[in-house]
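Student: Sharing a model that was predicted from the sequence below.
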Amino acid sequence: MNAYVREYRKIERRARRRDNFLLRYLPIVLMLAGVVVVGKIYLQSLAIDWSRRTMERKDVVRDLELRNDELRRTIAGLSTRERLTREAGERLGMVSSTEESIVWLPVTDRSSGEAASRSSPDERAGTLATATVATVRTWLDALWQEEALALTRP
């Protein structure tokens, strides 16, 4: 065999190996490149979807905050004194009190009677007249309070 033929065969083997390498590994390289491209597109679509959902949720939050502010203003308007007075008059027939309709009753000092009721049993034993006066006083106080209550009701 000639030296030239031997060298030619070596070159030929190397070329076949190179062709075999490309034939073997080119599909794998192309598949990896395709996976990278598809993966990037998928991740971008996920990011767009997440961004869209975030924007929708921000819109919902904004709408709810506006509705909440509107409801707060409505509550503030419904709880004003003028409205409550008007509604009480229209629905329940209530009237606002005026200076002429208020009855002021004098309160007497009853501290001496209370001190006697807090005293010891020996001191309370006193006389029959003192016990009778205390009973009449209690009855009059109760009667006075009933009358005062009756005068203050419309």
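Tutor: Nice, thanks for sending it over.

Student: Show me what the helix or strand harbouring residue 36 packs onto, helices and strands only.
Tutor: Using DSSP states H and E, residue 36 sits in helix 3-78. With contacts defined as 3 or more Cβ pairs under 8 Å, 6 or more residues apart in numbering; DSSP states H and E, helix 3-78 has no helix or strand neighbours. The C-beta positions use only the backbone N, C-alpha and C, and glycine is treated the same way.

Student: Just want the most central residue of the protein.
Tutor: The centroid of the chain falls nearest to residue 68 when counting by Cα atoms, centre = their mean (10.5 Å).

Student: For that one, give me the pLDDT.
Tutor: At residue 68, the model reports a pLDDT of 97.

Student: What about residue 137, how many residues nearby?
Tutor: Counted with other Cβ atoms under 10 Å, residues neighbouring residue 137 total 13.

Student: The nearest residue to residue 94 once chain neighbours are set aside sits in which helix or strand?
Tutor: Nearest in space to residue 94, with sequence neighbours left out and distances taken as Cβ to Cβ, 6 or more residues apart in numbering, is residue 88 at 4.2 Å. Using DSSP H and E, the element containing residue 88 is helix 81-92.

Student: mind showing which ranges of this protein have poor pLDDT?
Tutor: For the chain, the stretches with pLDDT under 70 are 1, 19, 21-22, 109-129, 153-154.
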